[in-house]
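K.L.:
quick one, structure for this:
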Amino acid sequence: MLYFKFVILFIMSINLYANNLVVIVSKNSNIQTISKKELSKIFLSKTRNLPNGKKSFLVEIDDKEIRSKFYSEICNKNENQLRKYWTKMIFTGRGQPPKKLKSINEIIKYVANNKNAISYIPSKYLDNSIQTIMEIK
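P.N.:
Predicted coordinates for the structure are as follows:
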């Protein structure tokens, strides 16, 4: 019985790690870290600049589950709140949501090739073409 519990806990811990998100930038970016507050402001169009002062280029996956986790953890907004927020921002001309891409590979390629791009992906997709500046558990 003890062995069975250990196996279950091990599998759960693997799944938890696999579901972590990481915030990524290009290897050519000079950004090493970012605060949750800075990240929230960038992804909610409250600022257009990265912490280094350069204009940010935002992309995100067109996947509701991943997006929901990110905005819940970083911006404290659920899907309904986020939809209302973007409706207001677009209507008033104060901001646009990040560009949506269809696949994680597209995001990685875009970020790797644009030194002022920023995004988030599940940690299991990390490769050496990008760098992590924050982990979201």
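K.L.:
pretty sure Pro51 contacts Ile31?
P.N.:
Yes. Assessed by C-beta atoms under 8 Å, Pro51 is found in contact with Ile31 at 5.9 Å. All C-beta atoms are positioned from the backbone trio N, CA, C, and that covers glycine.
K.L.:
average pLDDT for stretch 116-129?
P.N.:
Mean pLDDT, stretch 116-129: 96.
K.L.:
list the contacts of that stretch.
P.N.:
Defining contact as C-beta atoms under 8 Å, 6 or more residues apart in numbering, one finds that stretch 116-129 is touched by 17-27, 29, 31, 42, 50, 54-61, 66, 70, 98, 104, 107-112, 132, 135-136.
K.L.:
derive a ChimeraX selection command for the buried subset of these.
P.N.:
In ChimeraX, this line selects whichever of the contacts of stretch 116-129 come out buried by 16 or more other C-beta atoms under 10 Å:
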select :21,22,23,24,25,26,29,31,42,50,56,57,58,59,60,61,66,70,98,104,107,108,110,111,112,136
